[in-house]
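Peer 1: sequence and computational prediction follow.
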Amino acid sequence: MIDPTKINMNQLPKKFIDGAIGAHGKEVFSFALTSGNNLDSFATTPRVMKSISIWISKQVENYEKKYGVIDTTPEAVVSPIQASDLGKSGDNK
């Protein structure tokens, strides 16, 4: 087992995570983290998933104490084709 006290987080290679998906059953949590077109999938026990959840919640809490509340409002995505464009006359390619 890796000794977490001997890990230098600044020396580890990193991927920028831009999304996550997952599911669970009675005995396993399955989830995948996305980074661009790459996807890394994982499975773990409910006990380990809960410990991850507690750790992440504490990290977010500490971050928000230091930097302010994180805005989780979804960004408006502007589509290049709007519903209002349909039916307009013009070139029909």
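Peer 2: Nice, I can see it. Numbers count the residues shown, from 1 in each chain.

Peer 1: what segments of the protein are helices?
Peer 2: Remark: helices assigned in the chain by DSSP state H are 46-67.

Peer 1: quick one: low-confidence parts of it?
Peer 2: By pLDDT under 70, the low-scoring segments of the chain are 79, 82-85, 87-93.

Peer 1: show me where it has its strands.
Peer 2: Using DSSP state E, the strands of the chain run over residues 19-24, 29-35, 38-44.

Peer 1: can you give me the distance of the nearest residue to residue 70 once chain neighbours are set aside to residue 58?
Peer 2: The shortest distance from residue 70 to any non-neighbouring residue, by Cβ to Cβ, 6 or more residues apart in numbering, is to residue 64 (6.2 Å). All C-beta atoms are positioned from the backbone trio N, CA, C, and that covers glycine. From residue 64 over to residue 58 the distance is 11 Å, taken as Cβ to Cβ, to the nearest Å.

Peer 1: beta partners of the residue nearest to the spatial centre of the chain?
Peer 2: For the chain, the residue sitting closest to the mean C-alpha position, by Cα atoms, centre = their mean, is residue 19 at 3.4 Å. On the basis of DSSP bridges, residue 19 is bridged to residue 34.
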